[in-house]
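Novice: Turn this into a model:
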Amino acid sequence: MKRGRLRVLLGAAPGVGKTYEMLEEGRRLQDAGIDVVVAIVETHGRAATAAMTAGLPIVPRRRLEHRGVTLDEMDLEGVLARAPRVALVDELAHTNVGGSRNEKRWQDVEELRDAGIDVITTVNVQHIESLGDVVEQITGVAQRETVPDAVVRSADPIELVDLAPPSLRDRLAAGLVYPAERIDAALSNYFRLGNLTALRELALLWLADEVDSALQDYRAEHGIRGTWQARERVVVALTGGPEGETLIRRGARIVDRSAGGELLAVHVSGQDGLRTADPAALAAQRALVESLGGSYHQVVGDDIPAALVEFARSVNASQLVVGVSRRGRLAAALSGPGIGATVIRESGDIDVHVVTHAAAGGRFTLPRVAGGALSVRRRILGFVVALTGGPLLTWLLVALQSPESITSDVLAYQLLVVVVALVGGLWPAVFAAVMSGVTLDFFFVAPLYTVTVSDPLHAWALILYVVIALLVSVIVDRAARGTRSARRAAAEAELLAAVAGSVLRGDGSIPALVARAREAFGMSGARLVASDGTVIAADGEPVRDDRHLRVEVGREAVLELHGSESEQLDGSERRLLDVVVAQLAAALEQADLQRAASSASVLAETDRVRSALLSAASHDLRRPLAAAVAALGGLRAAGPALDDADRDELLATADESLGTLTSLVTDLLDVSRIEAGALAVALRPVDTADAVLAAVDELGLGPAAVELALDEAIGPVLADAVLLQRVLVNVLANAHRHSPAGTPVRISTSSLGGQAQVRVIDHGPGIPPERHGDVFTPFQRLGDTDNTTGLGLGLALSKGFTEGMRGQLVPEQTPGGGLTMVIELPLASAAAQEGRIEG
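Specialist: Presented below is the predicted three-dimensional model:
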């Protein structure tokens, strides 16, 4: 019997429409004449979902008693007996009631498939077994009901039922997911926007991996060796050398440029085990790869380029990162093209990045033109070639000597002179010419084995050797000098461009200029010292006080360079150094201007706040002060003639005005304390319900104005009781003032991950998300033109008080319109575990 197929509808969270989609597919199959039954569907009271079951055959549920409670479960035996073509099974990760045939519903599904029944089922990403720890980190909720990855991966196909997080929250707020009494708790906990976004990304990435695995299987089955670059997959080749970290970080940056990219590092070891790298370096590089979210691989192969390309093709890589060869030019010339060149030739449609690094001699240094055009190393190498090539050539020519070979012998020694001139320049070539002439005379010209020159022609031959050597050496020397000059010109241009770019970038330009100067002039250390002795920037080795080059940078700093060549800068280098110094002076001036601008902006902000304070004080303090003065003046003017009722009214007016004045002054003092960081906070365990009820009582709001949904299971929070009540009073008063008439403000409490949340929800006009930060600015009244309600400090104070209690005050959009203020504070139990309070 052919095993039944499994089709999985995957969702990021409850409510995205998986069950609805499953039932809709069942209807389509039924309309196509296929035998479909509803094995089990959980509607969760959703009318639209329940309506979709109409007209579909439903297998009655089996009723089981568990611990005195009667529960419904899918009747597996009934479905097997019915033997439909397709069974609709909701909630694949469900745990069956004790006494059922199988412990898990996914095991029931496996039995249905074994019986040849196709199954369409639903599951949320948080129930996939391998993602349990990740989901717990995101949501703070451990998942007890999980389904093995292998079961889900066996489905053909897996389909994602997707819904944008804001749309899902709107559905939840409209009551389309949970009943009304669970909406606020869900919105403030599991269904927070950040949670839903992370779960959605997790579902997309998991499904992308599954699709990628299916693609790999397809390519393997059809023998497709070319890469299909469905997404960026970057392979970094590691040798175990010091350049590995540079290559890994470059590969990681390439991956970061594209969403869903993958980083893989690979090291090729020899089959004989003789080609080994530093194990400690490879271990460190492996740890770095994994910390950047990549994976490390090791393959065996004697042909490194072929092994790298084969591995890249096997993982369907789009890009390959290799390092510049650490070999010198002579080694490269003698041993042929390096690994990088071979990889580029064989890579085909895989992009190859050849990355320079410090081990390849990539440090930028200006070439020096002064002195010989060829380096000392080249000249020494020329002498070595003459001393080794001469005897070897002589041995070979003596072994092949014949009376007719004198011409070829002369040409062979002439070739040796040319080779030495090309390698070592003038003086090694002169040495080779003299030695070859003497050798020719000693071994090949009669009389043999003597240095006697019996024939003037032989003397001319020796002179011709020397002349040829001189001419070739001069040509080589001039070519090398021209090459060196061109390299220096290019290097100077690069240095000037880098210097100008460093200044234009602004931030970090001074350290960059100091480092560039040290590298460019081949120094071992450099530092920029202010006139008071403060080191502004330094690079390389510490500058020794006994020997260094000092150059003044403006009137406020000195650039100090030290190294083996710090006293040997030629004229052109001095000019370049002057350019660097001028740019350093400009950068220092720019830094001074930035500091001045920053100070000015702080003063401007302070002045703005002061102006707002004076404006608010002159306006908002005038009314209660004027009312109090008028009341007291009336009492004094009327004297004994005033009756008791009028006297009581004037006293009440004065008392109310002075109370308002006291409240305003208190707010101003509190703002000053918050700005100065001198707010006194006494953190103690506080019951959130008590604080909420006290705030409601203080404002005198009744049941018609406030709707409470307090979670009794929440423990005390770590807070200052007085400050928390003031925060609640300010936030609740603001919500009540902006709520439509007849619409109560809702206050709900919940907890998640060691934090408690108090949500004050209104359905007023709300505030655009881009202006949420403005509500906490002192002396601001967004959408409130009534300037008799205070200084506009309520929410600014509330935010300062909340943060002083180690919490957060965050505004959110209320689904359906309005503003929700979320007060988040640490639970006292969690704070006690962290050692922030005792007991």
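Novice: C-alpha only now, for contacts and for neighbours.
Specialist: Noted.
Novice: all strands for the stretch 201-350 of the chain, in order.
Specialist: Secondary structure of the stretch 201-350 of the chain (DSSP state E, counting those that start in this stretch): strands at 233-238, 262-269, 295-300, 319-323.
Novice: And these: which comes nearest Leu196?
Specialist: strand 262-269 (23.6 Å; Cα to Cα).
Novice: Which strands and helices lie in contact with that closest one?
Specialist: With contacts taken as 3 or more Cα pairs under 8 Å, 6 or more residues apart in numbering; DSSP states H and E, strand 262-269 sits against strand 233-238, helix 244-256, helix 279-291, strand 295-300, helix 304-314.
Novice: From the contact counts, what lies against the fourth one?
Specialist: Helices and strands touching strand 295-300, as assessed by 3+ Cα pairs under 8 Å, 6+ apart, comprise strand 262-269, helix 279-291.
Novice: For the strands of the stretch 201-350 of the chain, give me CSV that also has distance to Val529, mean pLDDT and mean neighbour count.
Specialist: Shown next, in CSV, are the strands of the stretch 201-350 of the chain (distance: least, Cα to Cα, whole Å; pLDDT from 0 to 100; neighbours: other Cα atoms under 10 Å):
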stretch, distance to Val529, mean pLDDT, mean neighbour count
strand 233-238, 41, 90, 27
strand 262-269, 43, 87, 22
strand 295-300, 45, 83, 15
strand 319-323, 37, 89, 23
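Novice: before we move on, the earlier item: dump the helices and strands packed on strand 295-300 to TSV, plus distance to Gln725.
Specialist: Formatted as TSV, these follow (distance: least, Cα to Cα, whole Å):
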stretch	distance to Gln725
strand 262-269	50
helix 279-291	45
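Novice: what about Val343, distance to Val324?
Specialist: 12 Å (Cα to Cα, to the nearest Å).
Novice: To clarify, my last question referred to Asp711.
Specialist: For Asp711, the distance to Val324 equals 63 Å [Cα to Cα].
Novice: now Thr19
Specialist: In this view, Thr19 and Val324 are 56 Å apart by Cα to Cα.
Novice: Counting neighbours, go ahead and name the busier of the two.
Specialist: Ranked by neighbour count (other Cα atoms under 10 Å), Thr19 and Val324 place Thr19 first, with 27 against 21.
Novice: Using CSV, write out every CA atom in the host helix or strand of the more buried one.
Specialist: Applying DSSP states H and E as the criterion places Thr19 in helix 18-31. Coordinates of each C-alpha in helix 18-31 appear next as CSV, following Å, rounded to 0.1, in the frame of the first residue of the first chain:
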residue,chain,number,x,y,z
LYS,A,18,-4.0,28.1,9.0
THR,A,19,-7.1,26.3,10.0
TYR,A,20,-9.2,28.4,7.7
GLU,A,21,-6.9,27.7,4.8
MET,A,22,-7.0,24.0,5.6
LEU,A,23,-10.8,23.9,5.6
GLU,A,24,-10.9,26.0,2.4
GLU,A,25,-8.6,23.5,0.7
GLY,A,26,-10.9,20.7,2.0
ARG,A,27,-13.8,22.4,0.2
ARG,A,28,-11.8,22.7,-3.0
LEU,A,29,-10.9,19.0,-2.9
GLN,A,30,-14.5,18.0,-2.2
ASP,A,31,-15.7,20.1,-5.1
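Novice: From the chain's centre, how far out is whatever helix or strand comes next after it? Work that out for me.
Specialist: Following helix 18-31 in sequence order, the next helix or strand is strand 36-40 (DSSP H and E). Remark: strand 36-40 is offset 46 Å from the chain centroid, using Cα atoms, centre = their mean, to the nearest Å.
Novice: quick one: contacts of the helix or strand following strand 36-40?
Specialist: Going down the chain from strand 36-40, the next helix or strand is helix 47-52, by DSSP H and E. With Cα atoms under 8 Å, 6 or more residues apart in numbering as the test, helix 47-52 has contacts from 19-20, 23-24, 43.
Novice: Please indicate which of those residues are buried?
Specialist: For those, a neighbour count by 16 or more other Cα atoms under 10 Å gives the buried set as 19-20, 23, 43.
Novice: for those residues, which one is nearest Leu632?
Specialist: Taking Cα to Cα as the measure, Thr43 is the one of the buried ones among the contacts of helix 47-52 closest to Leu632, at 69.6 Å.
Novice: Just list the residues touching the closest one, thanks.
Specialist: 19, 49-50.
Novice: Quick check, Val8 in contact with Asp118.
Specialist: No - in this structure Val8 lies outside contact range of Asp118 using Cα atoms under 8 Å: 11.1 Å.
Novice: what's the average pLDDT for the helix or strand hosting Leu513?
Specialist: Assigned by DSSP H and E, Leu513 belongs to helix 509-520. Mean pLDDT, computed over helix 509-520, is 73.
Novice: just to revisit the earlier point, tell me which of Val8 and Asp118 has more neighbours.
Specialist: Neighbour count, other Cα under 10 Å: between Val8 and Asp118, Val8 has more, with 28 against 21.
Novice: beta partners for the more buried one?
Specialist: With DSSP bridges as the criterion, Val8 is bridged to Thr121, Ile158.
Novice: mind listing what it touches?
Specialist: By Cα under 8 Å, 6+ apart, the residues touching Val8 are 120-123, 152, 155-159.
Novice: Spit out the contact partners of Arg85.
Specialist: 34-36, 116-118 are the contacts of Arg85 under Cα under 8 Å, 6+ apart.
Novice: Please report how far it lies from Ile183.
Specialist: Taking Cα to Cα, one finds Arg85 at 38 Å from Ile183.
Novice: repeat for Pro542
Specialist: 64 Å.
Novice: all helices of the stretch 1-150 of the chain, in order?
Specialist: 18-31, 47-52, 76-82, 105-114, 132-139, 149-153 (DSSP state H, counting those that start in this stretch).
Novice: What is the neighbour count of Asp643?
Specialist: By other Cα under 10 Å, the burial measure for Asp643, its neighbour count, is 10.
Novice: Ala281 now?
Specialist: Neighbour count for Ala281, taken as other Cα under 10 Å: 16.
Novice: What of Pro14?
Specialist: By the criterion of other Cα under 10 Å, Pro14 has 17 neighbours.
Novice: Isn't it up against Gln126?
Specialist: No - using Cα under 8 Å, Pro14 makes no contact with Gln126, being 10.0 Å away.
Novice: At which residues are the strands of the stretch 551-700 of the chain located?
Specialist: 557-562, 684-686.
Novice: my bad, the stretch 401-550 of the chain
Specialist: 525-530, 535-540, 549-553.
Novice: tilt between the last one and strand 557-562?
Specialist: It refers to strand 549-553. 160 degrees (axes from the mean of the first three to the mean of the last three Cα atoms, to 10 degrees).
Novice: any residues touching strand 549-553, and which ones?
Specialist: 558-562, 566-567, 581-582, 584-585.
Novice: Mind listing what's buried along stretch 345-360?
Specialist: So for stretch 345-360, counting by 16+ other Cα under 10 Å, buried means 347, 350, 352-357.
Novice: what's the answer for stretch 33-40, then?
Specialist: Buried residues in stretch 33-40, counted by 16+ other Cα under 10 Å: 35-40.
Novice: Any stretches of the stretch 1-150 of the chain with poor pLDDT?
Specialist: For the stretch 1-150 of the chain, the stretches flagged by pLDDT under 70 are 66-68.
Novice: do you know which of the strands of the stretch 201-350 of the chain lies nearest Val729?
Specialist: The nearest among these, by Cα to Cα, is strand 262-269 at 50.9 Å.
Novice: Can you give the strand pairings for the closest one, parallel or anti for each?
Specialist: Paired neighbours of strand 262-269 in the sheet (DSSP bridges): strand 233-238 (parallel), strand 295-300 (parallel).
Novice: For Gly382, find the nearest of the ones you listed.
Specialist: strand 233-238 (35.4 Å).
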